[in-house]
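*Asks:* 3D, please:
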Amino acid sequence: DVYKRQGTTNIIAANLQRVLGLDAEGMDRYLHERIFDPIGMRSARARFDGAGTYVGSSYTYATLRDWCRFGLLALRGGTWDGRQLVPADWIDWSRTGRSWDETYIHGAQWWTWDLPEGPFGAHGFEGQRVMAFPARDVVVARFGKMGSEAGPALNAHLAAIAACFALR
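*Replies:* You can find the predicted model right below:
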């Protein structure tokens, strides 16, 4: 269930913030220094709940282009311009499927699909997507609004878009 996965993401984000000993301002600075600024996500804006805790499952706002940058960071194993921003082992582990339901395979904070090209991605609220296709070295992102029942068709549509790009 998507909403259960959001809770897990929020627990991880809250624990990271707690372990780092950061308040909302410090966590915002951390996100910018470690991820957003190095990859050029200039529009990225993280939001926090009333207690000052980063809501990691949602409430990070950015342009479509900047979300593509985020997907590209994961696609490239956590490396940006030759600099390892996120450990490659974590990226590999996080985008490896571990639990299944009828439609989706969940890794560790990424969704995966049982397709030969090994795509993985992030599902946002009401049909927002960032999907990476390693075999094609392409990221496809979508903003929009739709019901959750249309998710499988949307994912198939985005995979069809990615298929327009040659395999590496």
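
*Asks:* Name the nearest residue to the most centrally placed residue in the chain, sequence neighbours excluded.
*Replies:* Geometric centre of the chain, nearest residue: Ala122, 4.1 Å, by C-alpha atoms, centre = their mean. Nearest-residue entry for Ala122: Val130, 4.5 Å, with adjacent residues in sequence omitted and distances by C-beta to C-beta, 6 or more residues apart in numbering. Every residue, glycine included, has its C-beta placed from N, CA and C.

*Asks:* Sketch out the low-pLDDT regions of this protein for me.
*Replies:* Counting by pLDDT under 70, the low-confidence segments of the chain come to 1-6, 100-104.

*Asks:* Can you tell me how far Leu16 is from Glu33?
*Replies:* According to C-beta to C-beta, to the nearest Å, Leu16 and Glu33 sit 14 Å apart.

*Asks:* Over to His157?
*Replies:* If you go by C-beta to C-beta, the gap between His157 and Glu33 works out to 36 Å.

*Asks:* Compare these two and say which is more crowded by neighbours.
*Replies:* Taking neighbours as other C-beta atoms under 10 Å, His157 and Glu33 compare with His157 leading, 13 against 10.

*Asks:* Can you say which helix or strand has that one in it?
*Replies:* His157 belongs to helix 151-162 when assigned by DSSP states H and E.

*Asks:* May I have that helix exported as CSV, CA atoms only?
*Replies:* What follows is helix 151-162, C-alpha atoms only, in CSV (Å, rounded to 0.1, in the frame of the first residue of the first chain):
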residue,chain,number,x,y,z
GLY,A,151,-1.1,3.9,-11.8
PRO,A,152,-0.3,0.8,-13.8
ALA,A,153,-1.5,2.4,-17.1
LEU,A,154,0.5,5.5,-16.3
ASN,A,155,3.7,3.5,-15.6
ALA,A,156,3.2,1.6,-18.9
HIS,A,157,2.8,4.9,-20.7
LEU,A,158,6.0,6.3,-19.2
ALA,A,159,7.9,3.0,-20.1
ALA,A,160,6.7,3.4,-23.7
ILE,A,161,8.1,6.9,-23.7
ALA,A,162,11.4,5.6,-22.4
